[in-house]
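[1] Just need the structure, nothing else, for what follows:
(2 chains)
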Number of protein chains: 2
Amino acid sequence: MTTAQTTTEGTMPNGFDPANVEALEPTLRSLVERRQSVIAPSNRLFYSTPVDVERATGVHLYDAQGNEYLDAYNNVPAVGHCNPHVVEAISRQAATLNSNTRYLTTTLIDYSERLLATHDPAIDQLLYTCSGSEANDLAIRLARYETGGDAVIVTSHAYHGLTASIAEMSPTLGPNVPLGAKTVTIEAPDYANVDDAETVGAAMASRVSEAIAHLERHGMRLAALLVDTVFSSDGLITSPPGFLAPVVDVVHAAGGFFIADEVQAGFGRTGDAMWGYQRHGVTPDLVTMGKPMANGLPLGAVATQSRHALRFGRDIRYFNTAAGNTVCISAANALLDVFETDGILENVRDVGRRMLEGLTELTYRYACVTSARGAGLFVAVDLVDPDTQEPAPTLAASVVNGLRQRRVLVSNTGRYENVLKVRPPLVFSDEDAQYFLGRLDEVLAMAMS
Amino acid sequence: MTTAQTTTEGTMPNGFDPANVEALEPTLRSLVERRQSVIAPSNRLFYSTPVDVERATGVHLYDAQGNEYLDAYNNVPAVGHCNPHVVEAISRQAATLNSNTRYLTTTLIDYSERLLATHDPAIDQLLYTCSGSEANDLAIRLARYETGGDAVIVTSHAYHGLTASIAEMSPTLGPNVPLGAKTVTIEAPDYANVDDAETVGAAMASRVSEAIAHLERHGMRLAALLVDTVFSSDGLITSPPGFLAPVVDVVHAAGGFFIADEVQAGFGRTGDAMWGYQRHGVTPDLVTMGKPMANGLPLGAVATQSRHALRFGRDIRYFNTAAGNTVCISAANALLDVFETDGILENVRDVGRRMLEGLTELTYRYACVTSARGAGLFVAVDLVDPDTQEPAPTLAASVVNGLRQRRVLVSNTGRYENVLKVRPPLVFSDEDAQYFLGRLDEVLAMAMS
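    Next comes the predicted model:
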């Protein structure tokens, strides 16, 4: 592919280029300059015109001028920005107790039992962390210690986090973050040629087998296959459900662990189940969770089969000071309340289906829009050059920024940064979906005119 | 030392031994068993009889029976458990907006400017993390990228965190967590022979020079010296102030960074300054912060000189989803408010001095208590065998648990686990100090009878 480019050094999809600060209107420019002065440049802003936000509620953000933005992107406030039930739980708990896990609290125990009940019965113990990155980092420590292996297989455009160890297993960070000597990459399934689960699974299993043979030839042993169960940054590959089953068998036969990274896929994002791995009918050895777990407060976890945590538990202590603190746990518990009282999974299924239908319809109407796909409220389309069908990252960027000008927030992803990534809070309604699709239609019409 | 033992495999100072669960009274036992069933064993409880907590305020915790515990240990709720001003800030912000750092908020910018104003003027930019571990992990990534070096020097009983990368630089985790191939350890200053800053500094600088010669001989290059500026887990070495200055010079001459780990020492713990490095009159290249930063909500940061963040910033993006979210930042800002309105630093100095005087007095009265030391509200004594003067970890454990039976919470630390570690919330009063010293006196009298 000659016209497409892979992630360029140091940039990120949909990042604001600090060199363009002078083009911003004065108030915004002043705010961006103040930020640039105190925040190191690695931490980028979104959009060619950054969004200043002052308050938020449900699926809407508001800027200082009171303008309303429809949030079709943020997966962290899963039950909505400033969800009142979650806010009440945070406020109440913050005023009562914020303990760490070295003391006993029923809050921690009750929540842990409740969270584990949403998982495969074999998944029966937890360790809490402050972030999804820390969860993946700990899962890899556990997998290496328990299996005696060292090498880790990931997909070729995966993102799993930003600790030194996990950045080495996150190829999407680009060439300036070298992959570790014990990181082996395989291609994710090709969503453009999705077929039956058996065929896709066999092909991926075969690539994992080859990777295992390669690493053994180089004197390494498999510790784990680590996959985001919706393959978000590989471009969003949710179908056909079930394709991971034969892959997991290959990993187990080699003595490795299958680690389901549910930081993006988990907590009902796909609508048909709480966890992405459940769509594939597999039982992970370790599961990692993060992002929406406490609806925006920092909380992550590793869930494990207790048999996999015995040696590590005997030999190595793990105390993460603020992880699993009572306030974050209370927020997380309130999020599960809302899942029950507000029928979140059902909403995700229903609105997600309409979103996918709407995107599919756009693929019929625009030659630059192809391959509508996704599960629940994680949906995507590819944007391509209408003539060559090559990935069109520049078009994707202009669509993302065109939507931002219309105060609708999304972003782009994928190896060629040409995938429109739509991933709203799970309380997105039918009306929100229609509004989003209407604005997208406008922006596409303008881009193609 | 024949009678003393170093940290045993997998255990932690003052940890509850799960094998003893049957000895607990039925209600507590049932709670501990429920916890053991759902929390993986790496995450240990405190005390031979764990403490169940239900609410907390100021420097006091309360269990389900309403019993009051004096907290002389928890450094995270720095301005007191459930501080009303912090609780109000959390509640208000949680109901208004919880944004991430890819959007613009004045909350983040205002706080960043305020936090940087407490630092050396050369320290002028920030990157936020969810924990102190993530901050140290990122600081090492930065140091390696910016210096081109790879090796890291730490003290021989240091603790810097629990990511895979930082656990390799935390010798206190014990033999089951191997130090990295590029981790070099040096002895911390010997607090039993504290002398003038010049002598102590020259001795430590000489050890760092030797370590640098060693690593260069092995084909490595220095990336950083990483030190907790109060050397907490080395046994608490706060004096003589200034001894770090010649050490930093040696590090800079070798092209390495000096990273001040302020996760324990920072935010006024030592009373005479906001940051431990300021007591030594040195300017770090990178500073890491964590624990008390948001008074219990998860928040950490790396502060850097902007000249050290340029290359990394150009080449590598760093976005940590929940790090620096608006709610945690608002809590952190409220903590700085309380520092100003309630004269926290002054209280730390005054009460800390009385605590140290009280501990010193105990060293005159008990042959098993030696070497009272510390700065501000981080104070310690060694517990030794009165006959041999050897470290007495068993005595330390019985003092810690004796205090717990009297509902006063402390813990022990140090290479031989014989150091009584006293580190209360910074709002500890004179009366609290007298109460604490009285109970400690009782427990020591009983232990020696």
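
[2] so how far is chain B from residue A:399?
    Using CB to the nearest CB, to the nearest Å, we find residue A:399 at a distance of 18 Å from chain B. Backbone N, C-alpha and C define where each C-beta goes, glycine included.

[3] Find the residue closest to that residue in space, skipping its chain neighbours.
    residue A:443 (5.4 Å; CB to CB, 6 or more residues apart in numbering or on different chains).

[4] which residues touch the one you found?
    Contacts for residue A:443 (CB atoms under 8 Å, 6 or more residues apart in numbering or on different chains) come out as A:399, A:402, A:403, A:406.

[5] Name the helix or strand for it, please.
    helix A:430-448 (DSSP states H and E).

[6] Distance from that helix to the middle of the chain?
    Mean-position distance between helix A:430-448 and its chain equals 24 Å (CA atoms, centre = their mean, to the nearest Å).

[7] Go through that helix and flag the buried ones.
    A:432, A:433, A:435, A:436, A:437, A:439, A:440, A:443, A:444, A:447 (16 or more other CB atoms under 10 Å in any protein chain shown).

[8] what about it, average pLDDT?
    What helix A:430-448 shows for mean pLDDT is 97.

[9] before we move on, what about stretch A:100-113?
    Mean predicted confidence for stretch A:100-113 is 98.

[10] ditto for stretch A:272-291
    The average pLDDT within stretch A:272-291 is 97.

[11] Spatially nearest residue to the residue positioned nearest the centre of chain A, not counting backbone neighbours?
    Residue closest to the average C-alpha location in chain A (CA atoms, centre = their mean): residue A:264, at 2.6 Å. The spatially closest residue to residue A:264, leaving aside those adjacent along the chain, is residue A:232, at 4.7 Å (CB to CB, 6+ apart).

[12] Could I get the full set of strands for the stretch 301-449 of chain A?
    A:369-375, A:378-383, A:408-409, A:411-413, A:419-422 (DSSP state E, counting those that start in this stretch).

[13] With distance to residue A:288 and mean pLDDT as extra columns, can I get those in a markdown table?
    Output for the strands of the stretch 301-449 of chain A, formatted as a markdown table (distance: least, CB to CB, whole Å; pLDDT from 0 to 100):
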| stretch | distance to residue A:288 | mean pLDDT |
| --- | --- | --- |
| strand A:369-375 | 19 | 96 |
| strand A:378-383 | 17 | 98 |
| strand A:408-409 | 26 | 98 |
| strand A:411-413 | 20 | 95 |
| strand A:419-422 | 20 | 97 |
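
[14] mind putting the ones you listed in JSON lines, mean neighbour count and distance to residue B:121 included?
    What follows is the strands of the stretch 301-449 of chain A, written out as JSON lines (neighbours: other CB atoms under 10 Å in any protein chain shown; distance: least, CB to CB, whole Å):
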{"stretch": "strand A:369-375", "mean neighbour count": "22", "distance to residue B:121": "50"}
{"stretch": "strand A:378-383", "mean neighbour count": "26", "distance to residue B:121": "46"}
{"stretch": "strand A:408-409", "mean neighbour count": "25", "distance to residue B:121": "37"}
{"stretch": "strand A:411-413", "mean neighbour count": "24", "distance to residue B:121": "37"}
{"stretch": "strand A:419-422", "mean neighbour count": "27", "distance to residue B:121": "41"}
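
[15] Next to chain B, which bits of the stretch 151-300 of chain A? Give me the list.
    A:162-165, A:167, A:173-174, A:176-177, A:290-291, A:296-299 (CB under 8 Å from any CB of the partner chain).

[16] In helices only, show me those residues.
    A:164, A:165, A:167 (DSSP state H).

[17] if I look at the residue nearest to residue A:289 when sequence neighbours are not counted, how far off is chain B?
    Ranked by CB to CB, 6+ apart and with sequence neighbours excluded, the top spatial neighbour of residue A:289 is residue A:301, at 4.8 Å. Between residue A:301 and chain B the computed distance is 10 Å (CB to the nearest CB).

[18] From chain B, how far out is the residue nearest to residue A:399?
    Distance from residue A:443 to chain B, by CB to the nearest CB: 20 Å.

[19] May I have the secondary structure class of the closest residue to chain B within the stretch 1-150 of chain A?
    Nearest to chain B, among the residues of the stretch 1-150 of chain A, is residue A:41, at 3.0 Å (CB to the nearest CB). Following DSSP: H, G, I helix; E, B strand; the rest coil, residue A:41 is assigned to coil.

[20] ok, it touching residue B:314?
    Yes. The criterion here is CB atoms under 8 Å, and residue A:41 meets it with residue B:314 at 6.9 Å.

[21] Tell me which of the two has more neighbours.
    Per other CB atoms under 10 Å in any protein chain shown, whichever of residue A:41 and residue B:314 has more neighbours is residue A:41, with 21 against 15.

[22] Identify the residue spatially nearest to the more buried one, adjacent ones excluded.
    residue B:313 is the one closest to residue A:41 (CB to CB, 6+ apart), at 3.0 Å.

[23] got a pLDDT number for that neighbour?
    95.

[24] For residue B:145, see how far away it is.
    10 Å (CB to CB, to the nearest Å).

[25] Distance to chain B added to the strands of the stretch 301-449 of chain A, as CSV?
    Output for those, formatted as CSV (distance: least, CB to the nearest CB, whole Å):
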stretch, distance to chain B
strand A:369-375, 21
strand A:378-383, 16
strand A:408-409, 9
strand A:411-413, 9
strand A:419-422, 14
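
[26] between those strands, which one is nearest to residue B:371?
    Nearest to residue B:371, of all the strands of the stretch 301-449 of chain A, is strand A:411-413, at 56.9 Å by CB to CB.

[27] Would you give the sheet partners of the closest one, along with the direction of each?
    strand A:419-422 (antiparallel) (DSSP bridges).

[28] Show me how far the strand it pairs with is from its chain's centre.
    Per CA atoms, centre = their mean, the centroid offset for strand A:419-422 relative to its chain is 12 Å.

[29] Give me the contacts around it.
    By CB under 8 Å, 6+ apart, strand A:419-422 touches A:72-73, A:232, A:235-236, A:355, A:359, A:374, A:377-383, A:396, A:399-400, A:410-414, A:436.
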